[in-house]
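Visitor: give me coordinates for this.
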Amino acid sequence: MEDYQKITDQIIRDGFYRMSDNRKVIYDIDLYYQEQQKIMKKEFPDLSKDLSFAVFRAALYQWNLGKDLKTDYELFNLFRLNRDLNDLRSNTFTLPEKIGITSEDEDVLKKFTEDLVSPKKPFIISSFHYSSYKVLINYMVYHGFTIYLVTAKHIIDMNKKDSDFYVKAINQKLGLNSDVRYICAEDFNSMLILAETLSDKNINPKTVFLLFPDGNIGTIKGIDTKRFESIRFLNRNLWVRKGLFMFAELFNIPAYNILIDSDLENNINIEVTHYIDNPKLINKKENNLLILFYNVLENHLLCGNLHKWECWVYIHSWHEHQTPPSEDKVLVSLENYDEDRFTLTTINQDKYVFDSKYYLSYPIEWDGTGLFRDILIKANIIL
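Guide: Numbering: from 1, shown residues only. From the prediction side, this is the model:
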């Protein structure tokens, strides 16, 4: 058992506490601004030949999103900057005091602010892996909630230990009784666990179920249409798990959809886009919750914010992959080499051409026909 009073004393003295993975959990707002400036001035290493950049670039190619008025690599560096700032904000305890709340619907805004202070019953928050989304857990902890986070097993394994410590230290410092409890999204009993939780007559009204629909996506292979629904997103078809909405309808739990956005001037805002008071009464054809919520994300991304969505680096696992036709299994000739389609990359110090169309890597041979060497010369790229 950790001595949380001792840790709290250290937090007050130093303004931060160093976690097991060497991250700083920051409790002093001035220290946060110092760390933020370090990230803003950070020189990112050149990853233009890294596989992560190739996959990011392939997503833009697959989804035909153009250049967003920036080069692919400029977008990738903005993506990395957003990721680092998101991590910093999620580790900064005092930041919730600086977060604003907005909504285009004044009644929805009023309801959400009231529920933060004194909810009459538990509710759902649906959000996306967008901008400063990681702040959301800290924000609800700061307001004294018991949070049920439905997420993937590897996320639970990676975060649970530090999360438990973090919440206990916050409770000790502010005299709260918050808690974060994880439910594995892959567990077929997850709905049963949620049902048992809700059946508790003594359940605290300050209980929130936090779900991220864009972490529950699959491809057509092996899809159970009872659990998945096809939606149109950025002109592509995605199969999205319906668990969140089945849960809301089955138990008639009110649901909010929100996005937490931020800018480089450190303005952080919770935008409450929808509030569904009685999910059972929703007309699914006219007001499909999945479509309503994903349209919000789509509109934000297409307003110059492509770099703020975390999922680009693994979105390829969500859509169907084409099988290269026989005439396309070998990299095309020098004459029809497509610089938008192909990315030069390095994997374990070996050189490859990454094909965005099929998500395949072709090794570069320095002997034989010399085709790849000619392509490198034409593309003016040095490996």
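
Visitor: after the lengthiest helix in the chain, next one along is what?
Guide: Looking across the chain with DSSP state H, the single longest helix is helix 153-174. Next along the chain after helix 153-174, taking DSSP states H and E as the criterion, comes strand 179-184.

Visitor: got a list of contacts for that next one?
Guide: Strand 179-184 is contacted from outside by 137, 141, 146-153, 156, 160, 163-164, 167, 190, 193-194, using C-beta atoms under 8 Å, 6 or more residues apart in numbering. C-betas here are computed from N, CA, C, even on glycine.

Visitor: any idea how far it is from the chain center?
Guide: Distance of strand 179-184 from the chain centroid (C-alpha atoms, centre = their mean, to the nearest Å) equals 17 Å.

Visitor: quick one, that strand and helix 153-174 angle?
Guide: For strand 179-184 against helix 153-174, the angle by axes from the mean of the first three to the mean of the last three C-alpha atoms, to 10 degrees is 170 degrees.

Visitor: so what does the next helix or strand after strand 179-184 touch, helix or strand wise?
Guide: Using DSSP H and E, the helix or strand that follows strand 179-184 in sequence is helix 190-199. The contact analysis (3 or more C-beta pairs under 8 Å, 6 or more residues apart in numbering; DSSP states H and E) places helix 190-199 against strand 146-151, strand 179-184, helix 243-251.

Visitor: residues in contact with the first one: which ones?
Guide: When contacts are taken as C-beta under 8 Å, 6+ apart, the neighbours of strand 146-151 outside the stretch itself are 137, 140-141, 178-185, 190, 194, 197, 204, 206-212, 215, 243-244.

Visitor: that strand: partners in the sheet, and parallel or antiparallel?
Guide: Paired neighbours of strand 146-151 in the sheet (DSSP bridges): strand 179-184 (parallel), strand 207-211 (parallel).

Visitor: average model confidence for the longest one?
Guide: The average pLDDT for strand 179-184 rounds to 89.

Visitor: that one: which residues count as buried?
Guide: In terms of neighbour count (16 or more other C-beta atoms under 10 Å), strand 179-184 has its buried residues at Asp179, Val180, Tyr182, Ile183, Cys184.

Visitor: burial check on the residue nearest to Ile347 when sequence neighbours are not counted, number of neighbours?
Guide: Nearest non-adjacent residue to Ile347, counting by C-beta to C-beta, 6 or more residues apart in numbering: Leu51, 5.7 Å away. Leu51: 17 surrounding residues under other C-beta atoms under 10 Å.

Visitor: Phe56 touches Ile315, doesn't it?
Guide: No - between Phe56 and Ile315 there is no contact under C-beta atoms under 8 Å: 9.5 Å.

Visitor: now Phe79: closest residue in space, sequence neighbours ignored.
Guide: Nearest one to Phe79, counting by C-beta to C-beta, 6+ apart, is His307 at 4.3 Å.

Visitor: what about that neighbour, neighbour count?
Guide: His307 has 22 neighbouring residues, counting by other C-beta under 10 Å.

Visitor: the one 3 residues further on now?
Guide: Using other C-beta under 10 Å, Glu310 is surrounded by 21 other residues.

Visitor: name the nearest residue to it, ignoring sequence neighbours.
Guide: Sequence neighbours aside, His129 is the residue nearest to Glu310 in space, at 4.1 Å (criterion: C-beta to C-beta, 6+ apart).

Visitor: tell me who's in contact with that neighbour.
Guide: By C-beta under 8 Å, 6+ apart, the contact list for His129 reads Phe212, Asp214, Gly215, Trp309, Glu310, Cys311.

Visitor: could those be laid out in TSV, adding secondary structure and distance to Gln349?
Guide: Shown next, in TSV, are the contacts of His129 (DSSP: H, G, I helix; E, B strand; the rest coil; distance: C-beta to C-beta, whole Å):
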residue	secondary structure	distance to Gln349
Phe212	coil	36
Asp214	helix	34
Gly215	helix	33
Trp309	strand	31
Glu310	helix	28
Cys311	helix	29
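
Visitor: will you turn those residues into CSV that also has pLDDT?
Guide: As requested, these are arranged in CSV below (pLDDT from 0 to 100):
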residue, pLDDT
Phe212, 89
Asp214, 85
Gly215, 73
Trp309, 95
Glu310, 93
Cys311, 90
